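Chemist: Model the following, please.
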Amino acid sequence: MATPTELARLRAGPATPREQIWFDRYSHARLESWRRVQDPLADRCLADIPFRRPSGLLDEVERRAREEGGVYQDFLDHCFTVPGWVDFETMELGRRMYRRHGALQGLVLMCSSLVEGYAHNKPSQVLVATGRLQKDVSRRIYETGQMLHNIAAPEGLRPGGLGHRTVMEVRLLHAAVRRFLAERGDWDEARYDRPINQEDMAGTVLEFDYMVVRGLKRMGLYISREEHEAMHYFWRYAGYLLGVDEALLTTTLEEQEVLALQLTSHLYDPTGDSEALAKALLRDMSNKPPFHLPYDVLVAVSRFLIGDAMADDLNLHSRVSSAAAVRLARTVLGAASLGQRLLPDPAKRRLEDFNHGLGRRTLKVGLGGDPARWGFKALA
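Modeler: Numbering: from 1, shown residues only. This next block holds a predicted model:
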């Protein structure tokens, strides 16, 4: 469910010839066709690898690439071949912005992006089918935070860096989930289409990028056009590494908005599962680091960020006092954001380092000091 402004824009349709191209490119019919496409490179790698633990998948692919080449080397070649449109120096500002706002980004991701994603019933059925979110909610959320933390590390997404490796591990994990569901044999493809397909993957990139930046702005942060473009550029390359087809990787903020509008209008269908997932997430993450916020306040944050219409659809309601506290926090964050912009660049870098360190300490607590138990082997 888009905001009233976004819904009005969707009803108005394309305003320029360029927008017409984007609306056609991401029409519901075209998006529907992407629901039948997954990630052949990663899926071929996982066809013959016994699935034991996610943290060992990339090691095994690398070993087989050395010994056999073939599909394993094809996967590595794709991940280590940098497209011509990538400029890491231009991307650096985006990396720094995610690093600078790491903690608040995590709150927005949890209370807005993920909750909104659960209202997209088809993609969220993967979580229902695997049972992972209901059974181990906080662990999965901190693992997601670990991925975001690693890609914002000094080497970011540069090939060979820890963030680059972490994204490769996530991509193989997605392939392992697809294989698990296929082997189990009870996935309803006629109803939900192929699991973790290209439209779903493009939507995930929007959750980490478009919805996070939108949420940060709603929480009072000032983000300039240049900063926003750099953040989008950063996630465009991250999406490429995650296996999203380049045809679904937008090149401008305006094109990204059209994709977000079309995708949301195509998939928005909240059900009882959506409500259960959203409440399980907020309930299990209540009173946990780094914010230690009670459940009612997290619900209030979510309602503020996703809007009343979607919150009502998900049956998310908070007390008036919690809603007032969120609005007060927004005012404080807005003032702090304006003050932050006056800082010289060395001071901003120190702030980014502090936030990254805070994120590392939070993740070590949240993951029980064991980032390799389910997810990724290293923490930046």
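
Chemist: quick one: the helices in the stretch 201-350 of the chain?
Modeler: Shown for the stretch 201-350 of the chain, the helices assigned by DSSP state H, counting those that start in this stretch span residues 210-218, 225-241, 253-267, 272-285, 295-306, 308-313, 320-340, 345-366.

Chemist: which of those helices sits most buried?
Modeler: helix 295-306 (a mean of 24; mean count of other Cβ atoms under 10 Å). Any C-beta I mention is one placed from the backbone N, CA and C, and that applies to glycine too.

Chemist: circling back: out of the helices of the stretch 201-350 of the chain, which gets nearest to Tyr142?
Modeler: helix 345-366 (3.7 Å; Cβ to Cβ).

Chemist: where does this structure have low pLDDT?
Modeler: 1-3, 51-55, 132-135, 370-379 (pLDDT under 70).

Chemist: Show me what counts as buried in the helix or strand Arg95 falls within.
Modeler: Assigned by DSSP states H and E, Arg95 belongs to helix 88-100. In terms of neighbour count (16 or more other Cβ atoms under 10 Å), helix 88-100 has its buried residues at Met91, Leu93, Gly94, Arg95, Arg96, Met97, Tyr98, Arg99, Arg100.

Chemist: ok, now stretch 67-80?
Modeler: Val71, Tyr72, Gln73, Phe75, Leu76, Cys79.

Chemist: got TSV for those residues, with secondary structure and distance to Leu148 too?
Modeler: As requested, the buried residues of stretch 67-80 are arranged in TSV below (DSSP: H, G, I helix; E, B strand; the rest coil; distance: Cβ to Cβ, whole Å):
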residue	secondary structure	distance to Leu148
Val71	helix	29
Tyr72	helix	27
Gln73	helix	29
Phe75	helix	23
Leu76	helix	23
Cys79	helix	18
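
Chemist: Need the residues you listed in TSV (columns: distance to Arg327).
Modeler: Formatted as TSV, the buried residues of stretch 67-80 follow (distance: Cβ to Cβ, whole Å):
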residue	distance to Arg327
Val71	53
Tyr72	52
Gln73	54
Phe75	47
Leu76	49
Cys79	44
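
Chemist: what's the farthest-apart pair in the residues you listed?
Modeler: Pairwise over the buried residues of stretch 67-80, using Cβ to Cβ, the maximum falls at Val71 and Cys79, 13.0 Å.

Chemist: all helices of the stretch 1-150 of the chain, in order?
Modeler: 4-12, 17-25, 28-34, 40-46, 57-67, 70-80, 88-100, 102-108, 115-118, 121-130, 132-135, 137-151.

Chemist: Nearest to His232, out of the ones you listed?
Modeler: Judging the helices of the stretch 1-150 of the chain by Cβ to Cβ, what sits closest to His232 is helix 88-100, at 7.3 Å.

Chemist: Could you list the residues in contact with the closest one?
Modeler: 105, 148, 151-152, 156-158, 223, 226-227, 230-235, 237, 348-349, 351-352, 355-356 (Cβ atoms under 8 Å, 6 or more residues apart in numbering).

Chemist: coming back round to it: right, and the helices of the stretch 201-350 of the chain - which one's nearest Arg139?
Modeler: Comparing the helices of the stretch 201-350 of the chain under Cβ to Cβ, the one sitting nearest is helix 345-366, at 7.9 Å.

Chemist: Pull out the CA atoms of that closest one and give them to me as CSV.
Modeler: The C-alpha trace of helix 345-366 is given here as CSV (Å, rounded to 0.1, in the frame of the first residue of the first chain):
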residue,chain,number,x,y,z
ASP,A,345,34.0,15.9,6.8
PRO,A,346,36.6,14.4,9.3
ALA,A,347,33.9,14.7,12.0
LYS,A,348,31.4,13.0,9.8
ARG,A,349,33.8,10.2,9.2
ARG,A,350,34.4,9.8,13.0
LEU,A,351,30.6,9.6,13.4
GLU,A,352,30.4,6.9,10.7
ASP,A,353,33.1,4.9,12.4
PHE,A,354,31.3,5.3,15.8
ASN,A,355,28.0,4.1,14.3
HIS,A,356,29.7,1.2,12.6
GLY,A,357,31.4,0.2,15.9
LEU,A,358,28.0,0.4,17.6
GLY,A,359,26.5,-1.8,15.0
ARG,A,360,29.3,-4.4,15.4
ARG,A,361,28.8,-4.5,19.2
THR,A,362,25.0,-4.8,18.8
LEU,A,363,25.3,-7.6,16.3
LYS,A,364,27.7,-9.5,18.5
VAL,A,365,25.2,-9.4,21.3
GLY,A,366,22.2,-10.2,19.0
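
Chemist: Nothing else from me, thank you.
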